[in-house]
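In: Fold the following and give me the result.
(2 chains)
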Amino acid sequence: MIKFQHYRRNLNRFLSLFWIIGFITAGAIGTAGAAEASKAAARITGKVVASSDNKGMPGVNVLVKGSQKGTFTDSDGNYAIDNVDANAILVFSFIGFQSQEIQVGTQTIINVTLADDERLLDEVIVVGYGTAKKETLTGSVEQVSSEAFEDLAVGSPALALQGRTPGLVVSRTSSRPGDEGVNFQIRGASSINGIDPLIVIDGIPSINSSTFNNMNPNDIESISVLKGGSASVYGSRAAGGVILVTTKKGSGDVKVEISSVYRMGTVGIRPPSPTMSEYGQLYLAAVDEDLASNKPPRYFFWSDRSTVEKIASGYEGYYDLPINGNIWLGNSAKFDEMFGNSTSTQQNISVSGGTAKSNYRVSAGYDKNVGGLKVADDTADKYNFSANYGIDITDRLNLNTNITYFHNSFSGPAAGLAREAATWDAPLFPTYNDDGQYYANFGGVNITGDRNAIAQVKDAGRENLKREQFKISTQATYDITDHLSVTGSYALSKQNSVWQRYAVTVPLYSWQGGFSNNINNTTFIEEGTGPNGVDGNITYNNYKGFLNYTNSFGDHNVSGMVGIEAEKSVIDEYYMRRNGFVDYGVYDLNIGATDQLVTTSGGGNTWGFFGYIGRLNYDYKGKYLFELQGRRDGSSRFAEGSKWSNYGSVSAGWILSREDFLVDSDLISFLKIRGGYGELGSTSGIGNFGYLSTVGFGTTVFGQTNAAQQATSSASSLFSSTTTWERIATTEIGVDFGLLQDKVFGSFDLFQKKNIGMLVRGILPQTLGTAAPYTNIGTLETNGWEAMIGYRDKIGKDLSFTVSANMSDTRNEITKYDGAQSIVENLNAADAGRNILGKPINSFYLWETDGYFGSQEEVDAYYNSLNAGGILPSQTSNDALRPGDMRVVDSNGDGTINTDDLTYHGDNATHYVYGLNFDIKYKNFDLSSFFQGVINQQIYRTGYFAQPFQAEWQNQSNTWLGRTWTEDNTDAEFPRLTTQRGLSSWNYRSKDHILQNNRYLRLKSLILGYNIKNVKVGNSAIDNIRIYLSGNDLFEFTSVKDGYDPEFRASTNESVYPFMRTWAVGLKLSL
Amino acid sequence: MKKIIHIIVPCMMVLFTSCEDKFIDLTPPASITDDVYYTEAEHFLTGSNRFYTNLIRWNDQGIYADHGSDLVGYTEDGGMQEYSRGDTQAPAEDAYYSGPYTAIRDMNLLLARAEAYEGNDIGEYVAATKFHRAWQYFFLVQRFGGVPIVTEPLDVDSEELFGARNSRYEVVAQILADLDDAIAGLPTEQDIPGGDKGKISKWAAMAFKAEVLLHEATWMKYVGTSTDGDGSSTGAGSAGFSEANINTYLQEAATLSKTVMDNGGYELWDHNDDLDKLSSNFLFNLEDGGSNPAGLDKATNKEFIFYNKYDFTFRQAGTLVSHVFEGRVKPSRKMVDMFLCDDGLPIDQSPKFQGYENTPDEFQNRDYRMRAYFTYHKNLGEIPQNGDVLLSGTNNFGYFNSKFMSWKWGTDQAYRATTTEAYDMPFIRLAEVYLTYAEALYELNGSLTDAQMAESINLVKARAGLPGITNAFLSANNMDLKTEIRRERTIELFAEGGTRFNDLKRWGIAEQELGETIYGAVIEGTVYEDNIDLYDPSKYGYGEESTMTGVGERRCLIVQPSTIRNFTKDDYLFPLPTSQTGLNSSLRQNPGY
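Out: Coordinates of the predicted model:
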């Protein structure tokens, strides 16, 4: 700790120095630059054409090297630039073309022909607060270009990122519109508090993940993923990495693009959902195994073997049952009745263009995303609008303005899509009785069931969420000299969120038509800003001010930046509810009853950051690269005296391929090694006012016949005023390479992240009576690697192709966390506060097993070798072990099988996540396919289908059918069935052999397109018509044993809404 | 111009810097901090109101309703069922350990703030807080034995966090001290205004103190220090144990009970005349007028002394109440046979007992409560006829429960759907005070006078349609007063307040009673015998066995055999959660875990 503080102090001193130097050089060099520029006055004009067709190229960037001075070519490819010194070098660049540098000398007309660029590494990519050439980057940044977002059969840009770039893991848990559960993680876990990546759109941090998830994918020009130290320039909120999104800008001739996509979804992997006879067969199999081992089967409602046999035979009709009465049973697996194909559409229009002085792009989009639910509307509608406008007000003053707006409305059933839809009730109760009334589960005669998934989904109430976000940002850049510029920007983002939910009574009936029970005996309507803290009405302000400096001195290239960024977010929330709601087709709080429970609550929160930022880049001959970044950050989330912290990073790179010994190599066309060390802060996990003790209010009720509510209060939480930022130190080293004229390209990165002073709650005896406050007492270490390799080439003139692959992995370990040693069986989940020192986040602890008992002698010997008690079922109980049951290992050898025998079985993180990309272009055709997968992710199912006969009243998964141990099948995958809960738990609960690998490889997208160029329709010329077919999630290979989609979450009760295979036809016109 | 810019830019940056506080020095917009709270009496009122939310709720039915006890035939795995079989293992966490300490912290904080408060208008709230603190500690003592006493709001560096357990005797002393303060400061029930009903009264504090005293006196008498451990390697030790306290406690328990009986203004809820003798059913699902056929509402209830308050509009149970009570507390053979005949005699002595041959027989001429508790909820009070009861599976062993179930539940006229029930949850009611009084006096003196019986236990029996007992009646029928007091308590408080397990333990007989085989219906010589329509033996795992019934030895259905019921002395106390013993090495686990 002492050493650490010492280090921090040094960093402080260093940063102060850096600051002073920054200001002085900014001023001094600025003045010098101004003097130099006034010397010359030549006006240079010319035209830029493309080598392929010799036509003028609009929008080409013409820049005086080493300065901020420059212009763009107009719609014909002409440009003019004033005051150019004879020594100056003009740089002509355009994305997708090779840049050219031309010494001005005495020329006044310079015409240039630009050639197609085949070199990936030359690309200019967006980095923190600016752009950089990928070639000379010292940090680890990956860029995904617009192509990844175009023509997809999904409407969300977030999912398009899945597998695209190594180190960024994008996961989802459902395909339900508006509830996809998309989660991003860059380079694995950074903290047990789960730090989300910061998403920055056109320089402005997004207010929440929905800002990005609701973007129009067609507006995205590129996405950069900043990993490790290079993200540190975004310090205060960048500890989980940064995703930088750049939107499209206009240039050149007026261009109108119209696209229309029609999508169709079909059900992908159908989760286990037994039919009547499958349910019966499984039950019968378990009953027979019980009978064979002299146990009384737990028949539950089915009373006896013959009833179960009748169910297994699929007999539909009346069953006279002792508990239920005379009830009708029929085949009714709800899944197929509920889910099926869906169709969705997406429409886009954009108008863009530009002149030498200005550019604009305006776009609008509409996306309708219909879920796979057939029986009720389950849809998200999204409207996007965006306008980008840039103008050079004077030669030196440039103004960029961006306005975006989206409106997303989701409407779907309020409940009924979780366990109700599959795992809860046996598939024996048809949706409707003969009279067309909703049929109650369990027959509705003597057991007055109150569930019917389809009735619930269709008629029992809905949830509507409308969320809109509006952002206006404006940025002004003034070139003080050719080398020094100042930029100021302001952005305002606003989210309005309106959430509504209501529940109404739906009566259910017996087969004979008698009333059984209601779904929702309590009805209500509730409205508010949202169901959880993510929503709400948010106002976010962002202010930035920067000085940028760029210059070259011979072989020495220097650039630097100092700046300030300030952010403040205010969240307002409210919630109200009235019980007693009747559906008259009007859904407003006013319709709720006033004589029943009325609940209202308010809420609100705020946070702010203030940061000083500095960056210095230096390279010598473009071969030796150095970068130094520093930040000083303040956060509103800590107490006075703990608000501020300093961070910095240093990185360096060496482009070996520019050295003499490699410059002529035929094999190696590019080779760079780079590495660095950086520190970032995070406030993740701690609340907005986690250092203050606030009073919590509630209510309880007193009185007699007309009781009333009274307020309650408490203020017992503990807070620490010394708690401060988490400090995440990243050490990384990487190599980028290109072989055979960059036909083969790739990179490899190794990194280590260490969260020092991780914000965790101290683990103290519960006699404290409250949770210990968050303090900086934990340490998490994460190690990982990323690799990418690709090959691209041309065959003949018309065929070009690219093949690339990437993979990454991380491993973490909690290396310091006093008291974190209390182990529970199965998953020790971080979000439940279960962490284990010396183990990864989310570790599994299971009992080891050693095969099945082969005979009663083995069972008896096993009992003789052990003490009674623990989890071992009593030998005289119905749960007594039999041949075919699991032999659980007494791993600590103490003679008792109990929780002390649990052993560590890895974590639940995704490991070896990879993506594979194949692109082929032939003449006007293009074909691209993209696969994504995971090699290792452990999953242990939870919920009703995790184990057969966890309870006999629940539905039983057909996944076990025919795969369990029997006398005739002693090599079965799963142990012997039983209807005895305790024995079933012995075999299936928290045992190592049930742990599954969620490995998969999935075709994420397949796009086949055809372009028709320069056609005339009537009098109007169309530059390009593109027709394409595309598909998402078309097929997969998976090792999942129990029939679930590998992307589903562990809970079987939450995993019914299926992932869809999406097919799309699209038409795109460019005018 | 350019020079000016060179001056302006750095100036602007400096200006920018000066407003950093606007971004990072913020105050919460929607909550108040506690340094402005606890400055007015109102704040102590709302603070003490909160402790009512810490009481056991309907969600805690498992421990409240004695799931798995010897009185219950329903069997399953989990929680209290495992406990009753002696299968409980030390868990990593136990919300019944952490929960009380969370509540106690709140209480300690309020009491600490009260000391700094200068007014004299918060006495009632302080007294209520002390009551609640005693309540929580007593819960801990009953579950775990001695536990660490915390009476101040601790901080992360408090040494007390890593202290050893206090013995149960020390904790009880703390409880009694808190209750004395509570009794002194609380208003009488008569002084609590209608809008505050449900709040703790002086009488309730006295009744609770009597319960604590009786519990601890009998524990010391029958269990002694046998579950304490030595305090250094296991358990909480026996510091402060004094045999002399037994009689002191019993005497005070009797005195306090008598005070409540005489001054409390409480009365037994006896509406048998209007409710077809089913008072002992409708008292426990009492809500508005629609909750029973006589149109009685909660205002008629003068019997509950301390209870958890529910309300259909503002605070519904929110958990399956009727549904769970229907199944989980179906009575065992032992429970059913415990009810006396209406001549006041046990079934094996009473000429009025009709035997078991037909299903309705055993219900004839019995204690009213048997019908009130154990007839089928859909036709409450109707004695089941042959064919109404099917022995068709493990948990259909012959009997129904309807105590704590909403009226007509499960029919289309159900007063409440399950989860919307809003009847109050009794913790202490007058009937229990009568029984505490009787038991305390009996344990103290070994006898009761006829007058003492008449003013206590006989009142409870009267509501159940039973004649009162006198010393002459008991000796004439060779009946034992202790047995009768315990019988009355067992029946009256069935499935209520965790009474059964606690009573068996403090009487020192839990290992015997819980270890016995649990039986269902009598088979031998009844309509069930060899009648496949009514009884399918293949549905039961343990067959039949002869045992003593009201008519001598008869073969009865075995619900659970004694071989798997292994409750021992070590199980009297629950294990401490291992997360806690792991963190604090001075915290010794209870013996046997």
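In: so where's the stretch 301-450 of chain A uncertain?
Out: By pLDDT under 70, the stretch 301-450 of chain A has no low-scoring segment.
In: and the residue in chain B that chain A sits nearest to, which of the three is it?
Out: For chain B and chain A, the shortest gap (C-beta to the nearest C-beta) falls at residue B:105, measuring 2.6 Å. No exception for glycine: its C-beta is placed from N, CA and C like everyone else's. Classification of residue B:105 using DSSP: H, G, I helix; E, B strand; the rest coil returns helix.
In: now it: how far from residue A:768?
Out: Separation of residue B:105 from residue A:768 (C-beta to C-beta, to the nearest Å): 7 Å.
In: same deal with residue B:532?
Out: When residue B:532 is compared with residue A:768 (using C-beta to C-beta), they lie 61 Å apart.
In: ok, now residue B:360?
Out: 58 Å.
In: Point out where chain B drops to low pLDDT.
Out: Filtered on pLDDT under 70, chain B yields the residue ranges B:1-18.
In: ok, back up a step: for residue B:360 and residue A:768, indicate the residue with more neighbours.
Out: Each of residue B:360 and residue A:768 has its neighbours counted (other C-beta atoms under 10 Å in any protein chain shown); residue A:768 has more, 22 against 15.
In: Who are the contact partners of the closest residue to that one other than its chain neighbours?
Out: Distances taken as C-beta to C-beta, 6 or more residues apart in numbering or on different chains place residue B:154 nearest to residue A:768, at 5.3 Å, with adjacent residues excluded. Neighbouring residues of residue B:154 by C-beta atoms under 8 Å, 6 or more residues apart in numbering or on different chains: A:767, A:768, A:769, B:105, B:160, B:161.
In: neighbour-wise, which of those leads?
Out: Top of those by neighbour count (other C-beta under 10 Å): residue A:767, with 25 neighbours.
In: from what I can see that one touches residue B:102, true?
Out: No - with contacts counted by C-beta atoms under 8 Å, residue A:767 stays clear of residue B:102, the gap being 10.1 Å.
In: Residue numbers of the stretch 701-850 of chain A in contact with chain B?
Out: A:701-705, A:707-716, A:718, A:720, A:762-770, A:772-773, A:819, A:821-824 (C-beta under 8 Å from any C-beta of the partner chain).
In: Buried among these? Need that as a selection in ChimeraX.
Out: Here is the ChimeraX selection string for the buried members of those, based on 16 or more other C-beta atoms under 10 Å in any protein chain shown:
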select /A:701,702,703,704,707,709,710,712,713,714,715,716,718,720,762,763,764,765,766,767,768,769,770,772,773,819,822,823,824
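In: Which ones among the residues of the stretch 701-850 of chain A next to chain B map onto strands?
Out: Within these, residues falling in strands by DSSP state E are A:701, A:702, A:708, A:709, A:710, A:711, A:712, A:713, A:714.
In: quick one: the second one and residue A:188, what's the gap?
Out: Distance of residue A:702 to residue A:188, computed by C-beta to C-beta: 52 Å.
In: and if you look at the first one?
Out: With distances defined as C-beta to C-beta, the gap from residue A:701 to residue A:188 amounts to 48 Å.
In: next SSE after the helix or strand where residue A:497 lies?
Out: Following DSSP states H and E, one finds residue A:497 within strand A:484-503. Going down the chain from strand A:484-503, the next helix or strand is strand A:506-509, by DSSP H and E.
In: Show me what that following strand is packed up against.
Out: helix A:453-459, strand A:515-519 (3 or more C-beta pairs under 8 Å, 6 or more residues apart in numbering or on different chains; DSSP states H and E).
In: Tell me how far it lies from the chain's centre.
Out: 40 Å (C-alpha atoms, centre = their mean, to the nearest Å).
In: Can you name the residues in contact with it?
Out: A:433, A:435, A:437-441, A:444, A:449-452, A:455-456, A:459-460, A:515-520.
In: Selecting buried members of the residues you listed in PyMOL, what would you type?
Out: Filtering the contacts of strand A:506-509 down to the buried ones (16+ other C-beta under 10 Å) takes a single PyMOL command:
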select buried, chain A and resi 433+437+438+439+440+441+444+449+450+451+452+455+456+459+460+516+517+518+519+520
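In: overlap between the contacts of strand A:506-509 and the residues near chain B?
Out: Among the contacts of strand A:506-509, proximity to chain B is found for A:450, A:515, A:517, A:518 (C-beta under 8 Å from any C-beta).
In: from the residues you listed, which is closest to chain B?
Out: Of those, the one sitting nearest to chain B (C-beta to the nearest C-beta) turns out to be residue A:515, at 4.7 Å.
In: Let's verify the residue nearest to that closest one when sequence neighbours are not counted: helix, strand, or coil?
Out: Spatial nearest neighbour of residue A:515, chain neighbours left out: residue B:412 (4.7 Å); criterion: C-beta to C-beta, 6+ apart. With three-state DSSP as the basis, residue B:412 sits in coil.
In: What is the neighbour count of residue B:412?
Out: 11.
In: looking at it, it is touching residue A:518, isn't it?
Out: No - look at residue B:412 against residue A:518 with C-beta under 8 Å: they stay out of range, at 10.1 Å.
In: all helices for the stretch 201-350 of chain B, in order.
Out: B:202-218, B:244-263, B:279-282, B:322-328, B:333-338 (DSSP state H, counting those that start in this stretch).
In: Compare the ones you listed and report which one is nearest to residue A:660.
Out: Among the helices of the stretch 201-350 of chain B, helix B:322-328 comes nearest to residue A:660, with 83.7 Å by C-beta to C-beta.
In: Check the ones in strands among the residues of the stretch 701-850 of chain A next to chain B and tell me the two furthest apart.
Out: Longest distance between any two of these is 20.4 Å, between A:708 and A:714; criterion C-beta to C-beta.
In: Stretch B:39-53: end-to-end distance?
Out: End-to-end distance of stretch B:39-53: 23 Å, with C-alpha to C-alpha, to the nearest Å as the criterion.
In: Show me which residues of that stretch are buried.
Out: Neighbour-count burial for stretch B:39-53 [16+ other C-beta under 10 Å]: B:43, B:44, B:45, B:46, B:47, B:48, B:49, B:50, B:51, B:52, B:53.
In: Quick check, central residue of chain B?
Out: residue B:497 (1.6 Å; C-alpha atoms, centre = their mean).
In: Likewise for chain A?
Out: residue A:183 (2.4 Å).
In: contacting residues around that residue?
Out: Residue A:183 makes contact with A:170, A:171, A:172, A:173, A:196, according to C-beta under 8 Å, 6+ apart.
In: mind putting those in TSV, secondary structure, neighbour count and pLDDT included?
Out: Output for the contacts of residue A:183, formatted as TSV (DSSP: H, G, I helix; E, B strand; the rest coil; neighbours: other C-beta atoms under 10 Å in any protein chain shown; pLDDT from 0 to 100):
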residue	secondary structure	neighbour count	pLDDT
A:170	strand	20	86
A:171	strand	18	86
A:172	coil	18	86
A:173	coil	20	83
A:196	coil	19	87
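In: Closest one to chain B out of those residues, please.
Out: residue A:196 (21.1 Å).
In: what's the span of stretch B:542-555, first residue to last?
Out: Termini of stretch B:542-555 sit 12 Å apart (C-alpha to C-alpha).
In: that's a helix at residue B:114, yeah?
Out: Yes - assigned with three-state DSSP, residue B:114 falls within a helix.
In: wait, what's in contact with it?
Out: Contacts of residue B:114 (C-beta under 8 Å, 6+ apart): B:38, B:44, B:122, B:125, B:126, B:129.
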